[in-house]
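Visitor: build me a structure from this.
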Amino acid sequence: MSHELVKWLHILSSTVLFGTGIGTAFHLFVTWRRGSAEAFATAARHTVLADWLFTLPAGIFQPLSGLWLAHLLGWDFTESWLVATYGLYVLALACWLPVVAIQIKVARLATDSVAAGQPVPGAAHRLMWVWFALGWPAFVALSVVFWLMVTKPTLW
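Guide: Numbering: from 1, shown residues only. Got it, this is the predicted structure:
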């Protein structure tokens, strides 16, 4: 397979990963803050579904296609900008894994509260603040990865 095709697939999957992350995060955050338990339950369930359908496959494909592309282009896997991307990607993953668990939990809590005719419990709101806090380092890390991929600077 040509490096142009692998590069295109790598860019496409990074767009899916980043775009789905921002889109679902925005939608879930705004819906949560509006206060409708039913809308929040639906948004949380849809966010979990989007993570399984889009974020997870793109997140798996990203490092594989990146390493494949680096191999095809003859880059040294220990170049400083590549090593930095590895660390930043692991940081984003370390934030995303608990975020997914939180999304599953709040979807269940919100869905149960709607079924019971009750407001979303305080535990869901506390989890959402943790979710919100974990989103920022992942967003910044992946933004820096984009910059590194474009500029390929020598960092050390």
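
Visitor: got the phi/psi numbers for residue 152?
Guide: Dihedral angles of residue 152 (phi, psi; degrees, to the nearest 10) stand at phi 50, psi 50.

Visitor: state the helix or strand in which the closest residue to it other than its chain neighbours lies.
Guide: Counting by C-beta to C-beta, 6 or more residues apart in numbering, residue 152 lies nearest to residue 81, which is 5.1 Å off, once chain neighbours are set aside. (Each C-beta comes from the backbone N, C-alpha and C, glycine too.) Residue 81 is located in helix 80-115, with elements delineated by DSSP states H and E.

Visitor: equivalent analysis for residue 25, please.
Guide: helix 3-34.

Visitor: enumerate the positions of that helix that are buried.
Guide: Neighbour-count burial for helix 3-34 flags 6-7, 9-10, 13-14, 16-18, 20-21, 24-25, 28-29, 31-32 (criterion: 16 or more other C-beta atoms under 10 Å).

Visitor: how about the next helix or strand after that helix as CSV, C-alpha atoms only?
Guide: Following helix 3-34 in sequence order, the next helix or strand is helix 37-50 (DSSP H and E). In CSV, the C-alpha atoms belonging to helix 37-50 read as follows (Å, rounded to 0.1, in the frame of the first residue of the first chain):
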residue,chain,number,x,y,z
ALA,A,37,-33.2,14.4,32.5
GLU,A,38,-34.7,12.8,29.5
ALA,A,39,-32.6,14.7,27.0
PHE,A,40,-29.5,14.1,29.1
ALA,A,41,-30.2,10.3,29.3
THR,A,42,-30.6,10.2,25.5
ALA,A,43,-27.5,12.2,24.9
ALA,A,44,-25.4,10.1,27.2
ARG,A,45,-26.6,6.9,25.6
HIS,A,46,-25.8,8.3,22.1
THR,A,47,-22.4,9.4,23.3
VAL,A,48,-21.6,5.9,24.5
LEU,A,49,-22.8,4.5,21.2
ALA,A,50,-20.7,7.0,19.2
